[in-house]
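> task: produce atomic coordinates for the following.
(chains A and B)
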Amino acid sequence: MRTAEYLREVYSVAWGDLVYIKENLPEVMITGLVGPLLYLLAFGYGVGGSMQGGGEEYVRFILPGIIALTTVACTFSSTSMRVLVQRLFYMSFDELLLCPVRVSSVILGKTLSGMIRSLISCTILLIVGCIISPGIDPNPLIFPVIIAGGLMFSMFGLLAALVTSKTQHLTLITSIFIVPMTFLCGTLFKVSDLPEVVSWAVYVLPLTHISELSRGIMLDEGIPLDSIIIVAIYICLFFGLCYRRIATRRNRPGTRPPASYRPRRTRRGTSSTPMPWTWSPRSGT
Amino acid sequence: MRIDPLGKKLALVIVDMQNKFVLSHEDMARQHDEPVARMNELAAMFREAGRPVIHVRFIGGNEHHRYQGPNADEFISEMVIGEDDIVIEKHHMNCFRESDLADVVKSRGCDSILLTGTVTQYCVISTYFGAFDHELTPYISTDACISTKDEYNQAASVICKNLDADDVRRYLSGQPLEDCPPIVYSRGRMTDHIVEVEDLTVVFGDFTAVDGVSFHVERGEVFGFLGPNGAGKTTTIRAVTTILRPTSGRILIDGFDTSTQFLEARKRIGIAQQHISLDSDLTIKQNLKHHAMLHKIPKDQIERKVEESAALLELGDHMNKKVQELSGGWKRKSAIVASIIHDPAVLFLDEPTAGLDTRSRHMLWDLVRRLNRSGTTIFLTTHYIEEAESLCDRVAIIDSGHIIAVGTVEELRDMIGRVTVEWEEGESVRASHFSSREEAKTFAETLGDSYYNIRRTTLEDVFLELTGKEGLQ
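Purely as a prediction, here's the structure:
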């Protein structure tokens, strides 16, 4: 019952964004899919075609990487930009914080739409991949990875929107974190092929582990447990940081008030209107 | 739109203790012909108006409390249990969990109950307190109640407001129950102050935006917060509405401390901020629906609430327009309507007409008056003096983070003098204030050939006198 109520709360937060996706589906899909599809064609057939063994083998190799890439492409910028606009221009984000909903519902609700975007885009990409390269194994275990990736990068987007106050700052975060991850995190090549120092640096980036997990599942190379743990750590970290950021924007119990703020006790049981008798609850009929 | 009197959505609750109202059992019913007839009349009126009628039926219990009339098992097995009824199978003290009743009442979209049925000290009074614990306002119809002791009935009518059949008839036809305001009780506090602010201070770095402000807002009034730009109006409203955490001080909303009973306080607040805080990518209707969902209005009530809000907005087909396609006035009006979709006890409007043209401003004033008439307390900040003068029952004037005067417009006029003499001195116009016309005339005669004008003091004079001329800027 409590879970159902909680899920309803998350859904009610996400509802506005879901309606937006529904009404702008072609636009949303094109924005999220063009990049990954171009990567697939350009790298899979362009670069891969000139490789020994032909393009088909390389498509099989890079498709999991591009699926991982799509979880970023569809979630980070759309979630961060939409929340930033809602926060700075529409001011509807502050309005949301005024509603009687939990902070965790706000976080999950705001990341849900990004997750759904990534799920739809990755599914389309998977279908395209299967059509152009029939040797690909569409293992259903890939979907939890897509969901985890979508959730993680949506939360990262939400966090970016909460800590920045200008669209330029968002572009900066994209340039510093997202663009390097796009190319380095094992999406187009194996991380182990990199020099050791660089591969360690890449190892701590979250996209690497979504790539590793996708590749492990789709190429039957086994599921890397360390990647699962690292993805879980990142999700918890982003959730915690978002929670802290939102909770301090709200005047809610649980956030520590300043030392000088010592609320006095609410008077209880006092009444300015005399009662006709004295009575205590549950003292009998 | 028909706004319910006092903003209350009333459900009829018949406490059917010991099955006194199981009318198939004539012996029991006959003992109490009159109240039972009145109770049935109320139930029929409620049903006809499509309002919920909830029976709380006790069918078990110990020997003392269980019904022991003839064919007890038979009539209990034949009892018609309605969908909304609460059946208590095992009980010892004729008690039941008020939360069960509150859940049913709330699921039907109601926020207050009209009690009839069996009155005992426990039953009615615990329901009364229980109702408030579950944020429901209780009323009682003593004419339709059966009491084992007369004093229970009397006591109940002292602490619950009594509504007779005529009151209910008027209520159901949509007329306000002006003579029957509810006795207000909230978690141990009996107060007519819906907002109480004590010694509020907000400090940003080394700048004190609000410095030791104390005031209260009375239930049902339009309270104006007037001050020049940068006086601390918005900071105060943001602290009171829990958006901003105060540096020190205490804020109570309907008796709930915003620092310790945050969610309870927030449920009672509606706020339309200075900026239009609607999602511009959605239509007005979608925004209203989203607000209703976020305020946890039951699913089956949402459509009705949106329709009621649409009627209040008078936007017609434009309801399906995106927010960004509307003019500033309509956007502002939509934001206000969205902020009251959960029927808040107090609505905060932060400079609702700033930057609007005269027509849009009057449209919003009209909306504010209508909302106030329907029972919503309004807290309004403005720097338009005519707005405060035209709308507000009481006004507080704030300047440089301090409240410098609070009172009705008349009281504020009395502070500086009801009569004003304006006269020319060189190139500037000066003003002096006097408590009577005679005093003003005596003063005017000393002005010699200067051009002067004797007139009634306005709120603007009070404002300028108290905040200094620079307040004009």
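
> going forward, measure contacts and count neighbours with C-alpha atoms only.
OK.

> pLDDT weak spots in the chain?
In the absence of a named chain, this looks at chain A. Applying pLDDT under 70 to chain A flags residues A:1, A:48-56, A:249-285.

> that's the other chain; I wanted chain B
For chain B (pLDDT under 70), the answer is B:1-8, B:17-33, B:59-81, B:88-98, B:119-133, B:147-159, B:176-191, B:468-473.

> center of it, which residue is that?
B:A345 (3.1 Å; C-alpha atoms, centre = their mean).

> hmm, the longest helix along chain A touching chain B?
Longest helix of chain A, by residue count under DSSP state H: helix A:103-132. No. Figure legend: helix A:103-132 not in contact with chain B (C-alpha under 8 Å from any C-alpha of the partner chain); closest approach 10.3 Å.

> check which residues of that helix are buried.
Residues A:103-126, A:129-130 are the ones in helix A:103-132 that count as buried (16 or more other C-alpha atoms under 10 Å in any protein chain shown).

> which element follows it toward the C-terminus?
Proceeding C-terminally, helix A:103-132 gives way to helix A:142-163 as the next helix or strand, assigned by DSSP states H and E.

> quick one: list the elements packing against that following helix.
helix A:54-73, helix A:76-88, helix A:103-132, helix A:167-173, helix A:206-218, helix A:225-249 (3 or more C-alpha pairs under 8 Å, 6 or more residues apart in numbering or on different chains; DSSP states H and E).

> could I get the ones you listed as JSON lines with distance to B:D279?
Shown next, in JSON lines, are these (distance: least, C-alpha to C-alpha, whole Å):
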{"stretch": "helix A:54-73", "distance to B:D279": "24"}
{"stretch": "helix A:76-88", "distance to B:D279": "7"}
{"stretch": "helix A:103-132", "distance to B:D279": "14"}
{"stretch": "helix A:167-173", "distance to B:D279": "18"}
{"stretch": "helix A:206-218", "distance to B:D279": "32"}
{"stretch": "helix A:225-249", "distance to B:D279": "19"}
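
> mind checking which of those is nearest B:L282?
Among the helices and strands packed on helix A:142-163, the nearest to B:L282 by C-alpha to C-alpha is helix A:76-88 (11.7 Å).

> tell me the helix or strand right after the closest one.
From helix A:76-88 onward toward the C-terminus, using DSSP H and E, the following helix or strand is helix A:92-98.

> kindly export that next one (C-alpha atoms) in PDB.
Extracted in PDB, the C-alpha atoms of helix A:92-98 (Å, rounded to 0.1, in the frame of the first residue of the first chain):
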ATOM      1  CA  SER A  92       7.900  25.500 -11.800                       C
ATOM      2  CA  PHE A  93      10.600  23.500 -10.000                       C
ATOM      3  CA  ASP A  94      10.300  25.700  -6.900                       C
ATOM      4  CA  GLU A  95       6.600  25.200  -7.100                       C
ATOM      5  CA  LEU A  96       7.200  21.400  -7.100                       C
ATOM      6  CA  LEU A  97       9.200  21.700  -3.900                       C
ATOM      7  CA  LEU A  98       6.200  23.400  -2.300                       C
END
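
> remind me what it packs against, helices and strands.
In terms of contacts (3+ C-alpha pairs under 8 Å, 6+ apart), helix A:92-98 is packed against helix A:76-88.

> how far is the helix it packs on from where the chain is centred?
Centroid separation for helix A:76-88 versus its chain: 12 Å, with C-alpha atoms, centre = their mean, to the nearest Å.

> can you report how many residues lie near residue 166?
Went with chain A since none was named. 12 (other C-alpha atoms under 10 Å in any protein chain shown).

> right idea, wrong chain: chain B
Per other C-alpha under 10 Å, the neighbour tally for B:D166 reads 10.

> buried residues, the helix or strand containing it. List them.
Using DSSP H and E, B:D166 sits within helix B:165-172. Using 16+ other C-alpha under 10 Å as the test for burial, helix B:165-172 gives B:165, B:167-169, B:171-172.

> helices and strands around the helix or strand following it, which ones?
Note on helix B:165-172: by DSSP H and E, the next helix or strand toward the C-terminus is strand B:193-204. In terms of contacts (3+ C-alpha pairs under 8 Å, 6+ apart), strand B:193-204 is packed against strand B:207-218, strand B:248-253.

> residues making contact with strand B:193-204?
With C-alpha atoms under 8 Å, 6 or more residues apart in numbering or on different chains as the test, strand B:193-204 has contacts from B:208-219, B:235, B:240, B:245-255, B:345-346.

> out of these, which are close to chain A?
Within the contacts of strand B:193-204, those near chain A by C-alpha under 8 Å from any C-alpha are B:245-250, B:255.

> narrow these to those that are buried.
B:245-250, B:255.

> identify the farthest-apart pair in the residues you listed.
By the measure C-alpha to C-alpha, B:T247 and B:G255 form the most distant pair in those, at 20.2 Å.

> for A:V103, give me its contacts.
Under the criterion of C-alpha under 8 Å, 6+ apart, the contact list for A:V103 reads A:243, A:246-247.

> dump these to CSV, plus neighbour count.
Converted to CSV, those look like this (neighbours: other C-alpha atoms under 10 Å in any protein chain shown):
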residue, neighbour count
A:Y243, 19
A:I246, 20
A:A247, 19
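
> closest one of the residues you listed to B:K289?
Distance ranking of those against B:K289, using C-alpha to C-alpha, places A:I246 first at 23.7 Å.

> and the gap between that closest one and chain B?
11 Å (C-alpha to the nearest C-alpha, to the nearest Å).

> can I see the domain layout of chain B?
Chain B resolves into domains spanning B:5-172, B:193-408, B:411-472 when parsed by automatic domain parsing.

> the helices in the stretch 201-350 of chain B, which residues?
Counting by DSSP state H, counting those that start in this stretch, the stretch 201-350 of chain B has helices at residues B:233-240, B:262-267, B:284-294, B:299-313, B:328-339.

> adding mean neighbour count, write the ones you listed out as a markdown table.
Below are the helices of the stretch 201-350 of chain B laid out as a markdown table (neighbours: other C-alpha under 10 Å):
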| stretch | mean neighbour count |
| --- | --- |
| helix B:233-240 | 22 |
| helix B:262-267 | 20 |
| helix B:284-294 | 24 |
| helix B:299-313 | 17 |
| helix B:328-339 | 24 |
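
> between those helices, which one is closest to A:D193.
Each of those has some distance to A:D193 by C-alpha to C-alpha; the shortest is helix B:284-294, at 49.8 Å.

> for A:V13, grab phi and psi.
phi -70, psi -40 (degrees, to the nearest 10).

> and if you look at the one 5 residues further on?
Phi and psi for A:L18, reported as degrees, to the nearest 10, are phi -70, psi -40.

> mind listing what the closest residue to it other than its chain neighbours touches?
Of all residues not flanking A:L18 in the chain, A:S113 sits nearest, at 5.9 Å (C-alpha to C-alpha, 6 or more residues apart in numbering or on different chains). By C-alpha under 8 Å, 6+ apart, the contact list for A:S113 reads A:14, A:17-18, A:21, A:79.
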